[in-house]
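In: Sequence plus the predicted model coming up.
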Amino acid sequence: MIAADFVDCRSPKLLVMAADGGVMRHLPRTALGSLFCPGDLFIANDAATLPASLKGVHCPSGWPIEVRLAAWISAGDLTQFAAIAFGAGDHRTRTEDRLPPPLLSPGDQLALGPLVATVGRLLEHPRLFQLHFLGDHSSILAGLARHGQPIQYAHVHEPLALYDVWTKIAANPMAFEPPSAGFALDWRTQARWRQRGIGFATVTHAAGISSTGDPSLDLRLPFDEPYRIPEQTAAAITQAKSNHRLVVAIGTTVVRTLESAASVDGCVLAGDGVATGRLTRESPVRVVDAILTGVHQPGESHFELLRALADDSTLNQLSAEISDHCYRNHEFGDSILVECRPCDAVS
Amino acid sequence: MRTSADLTPLRVAVTGGTSGLGLALVRHLVARGARVAFIARTARTVQQVANETGACGIVGDIGRKEDIYPLALQVLGNLGGLDALINNASTLGPMPLALLADTECEELEQALAVNLLGPFRLTKALLGALAASTRCERGAVVINISSDAAVTPYSGWGAYGATKAALHHLTAIWAEETKSEGISFLSLNPGDMDTPLHALAVPDADPTTLKQPDDAAVEIVRCLIAALPSQAIDRLVERA
């Protein structure tokens, strides 16, 4: 036990779980800066979140429509996206209960505030399609900035602004929903890590849409997600691994990036790539030794990804602990840290 | 010579980029090869300056809280990151200049919004990108444009002077707190310049006694480059 084990109920909480499930610690999230050892390396996703929800009109029918940008067709190319359409209504209705959009056909024009877009080909589903914006990069960005909103959540009553969905380290506007594990990260924690000789590096991973409201579409999630690994990050991973130190992923998107990029021997090269498919319990985990993530329930994609890192009995115990101690779930809640080996090098 | 370096790798955002010192900075940085995004309130003049310089023009008001993140989104989306932010946009407060006792509270609030809160909010929104730049060994610099009115209590300059004084001190604290991140913060006083802002404040001033904004821009960019880490300067020199 350490002094930081005292938990203030008003502050975000952190549940730390050893890999064998034997040790659970309930900490204030501010204790994050005191965990792990010199030489260990935290890696976060520095993607900033796009205002990916656009309301407007389906011109051929005159019906209202909401378009959610869901994935890049080509990373960084703002003229085309994979997008999901919703009918009338807003985020206060669960996505599962939203009205369907008007029937979409290739060539249909969409008036989305100051932006004009056309429907390209349908992507094997009547609500999923290629969307093409008219205009150049800057004008599309200006239109998104002026008219777009972040994708909203039914469980968050007040509308979210960009301010709410950018983590403190947000740097590259590539994500469609926030890499929410990064909300746990503040500048004081980074300073503490630096003082203690703990490394910090970033990748950019274009976190995609997390829910479509349609079970058959949800089965196709996550869509392909582009990522970028800077040279300095790849070098930091190599150094940590060669020194037998831990690599701690802040969020499931970082796990997806690193494990997608890893070679069979666990080497991670710098550069651009695309993460495809889901991580499952069968997926080899070659780079990540621990993960800091939000609180999710069994069955949710983020929780299921943990099965690649920990066995079922450990996760069952984790789930029970979350429930018993009233951890706040979803994007803006508390955090859990699944670590792979104990290290109490704390002051 | 460091000041003659080709600035091609540099990504710079300038607020208040359509007149006075801001316009001079945009022109000078573009001429030296930097990738520049500038922010100003009026769409027509933003378009004019963008057409003239080739810099990326962004319409917005840094005095409006709601504009800040949409502006940050456009800066980062257009430049692909950020190495330097120059918070230049300013307001004088009440016009004509007024004694503090004749200054409406709302006028002081507006001066605070533009001269202090705006730079603070924009810096916060872009701090993640600036830190990313330092992690990639590019360096990161924030320059807040100050004034001698920040330290000298000129009668009639209360709203402007008080907010610039606050910005000056804010800059010093930013510098202290972000030192270990590798982000440099500078508060620079360019001196009295022949600008529309100065003409508004002192209509009778003789322009020939005032510094030209182009000269001030050269000095500020020199300070910017000097504040970069050595490896980033080496990269600039290599490309020159």
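Out: Yep, it's here. Numbering: from 1, shown residues only, chains lettered A, B, ... in the order given.

In: Bridging across strands, which residues link to the closest residue to residue A:86 other than its chain neighbours?
Out: Counting by Cβ to Cβ, 6 or more residues apart in numbering or on different chains, residue A:86 lies nearest to residue A:66, which is 4.2 Å off, once chain neighbours are set aside. Glycine gets a C-beta too; all of them are placed from N, C-alpha and C. Taking DSSP bridges, one obtains residue A:55, residue A:86 as the residues bridged to residue A:66.

In: which residues does residue 112 contact?
Out: Since you didn't name a chain, this refers to chain A. A:54-56, A:67, A:143, A:147 (Cβ atoms under 8 Å, 6 or more residues apart in numbering or on different chains).

In: Not quite, go with chain B.
Out: So residue B:112 contacts B:163, B:166 (Cβ under 8 Å, 6+ apart).

In: And the helix or strand it falls within, what's buried?
Out: Using DSSP states H and E, residue B:112 sits within helix B:105-112. Within helix B:105-112, the residues that count as buried by 16 or more other Cβ atoms under 10 Å in any protein chain shown are B:107-108, B:110-112.

In: Phi first, then psi, for residue A:43.
Out: Dihedral angles of residue A:43 (phi, psi; degrees, to the nearest 10) stand at phi -130, psi 130.

In: quick one: secondary structure of residue A:314?
Out: Under DSSP: H, G, I helix; E, B strand; the rest coil, the three-state class of residue A:314 is helix.

In: can you tell me how far it sits from chain B?
Out: Using Cβ to the nearest Cβ, to the nearest Å, we find residue A:314 at a distance of 33 Å from chain B.

In: Look up how far residue A:281 lies from that residue.
Out: Between residue A:314 and residue A:281 the distance is 12 Å, computed by Cβ to Cβ, to the nearest Å.

In: Those two - which one has more neighbours?
Out: residue A:314 (19 against 14; other Cβ atoms under 10 Å in any protein chain shown).

In: correct me, but the more buried one touches residue A:17?
Out: Yes - in this structure, residue A:314 is within contact of residue A:17 by Cβ atoms under 8 Å, at 7.0 Å.

In: returning to what we had before: could you dump the helix or strand following the helix holding residue B:112 to PDB, C-alpha only?
Out: Counting by DSSP H and E, the next helix or strand C-terminal to helix B:105-112 is helix B:118-135. This file holds the C-alpha atoms of helix B:118-135, laid out as PDB (Å, rounded to 0.1, in the frame of the first residue of the first chain):
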ATOM      1  CA  GLY B 118      -7.500  34.700 -26.400                       C
ATOM      2  CA  PRO B 119      -3.800  34.000 -26.400                       C
ATOM      3  CA  PHE B 120      -4.200  31.800 -23.300                       C
ATOM      4  CA  ARG B 121      -7.000  29.800 -24.800                       C
ATOM      5  CA  LEU B 122      -5.400  29.400 -28.200                       C
ATOM      6  CA  THR B 123      -2.000  28.400 -26.600                       C
ATOM      7  CA  LYS B 124      -3.800  25.800 -24.500                       C
ATOM      8  CA  ALA B 125      -5.600  24.400 -27.500                       C
ATOM      9  CA  LEU B 126      -2.400  24.200 -29.500                       C
ATOM     10  CA  LEU B 127      -0.100  23.100 -26.700                       C
ATOM     11  CA  GLY B 128      -0.400  19.400 -27.600                       C
ATOM     12  CA  ALA B 129       0.800  20.100 -31.100                       C
ATOM     13  CA  LEU B 130       3.600  22.300 -29.900                       C
ATOM     14  CA  ALA B 131       4.700  19.500 -27.400                       C
ATOM     15  CA  ALA B 132       4.500  17.000 -30.300                       C
ATOM     16  CA  SER B 133       6.800  19.200 -32.200                       C
ATOM     17  CA  THR B 134       9.400  19.200 -29.400                       C
ATOM     18  CA  ARG B 135       9.200  15.400 -29.100                       C
END
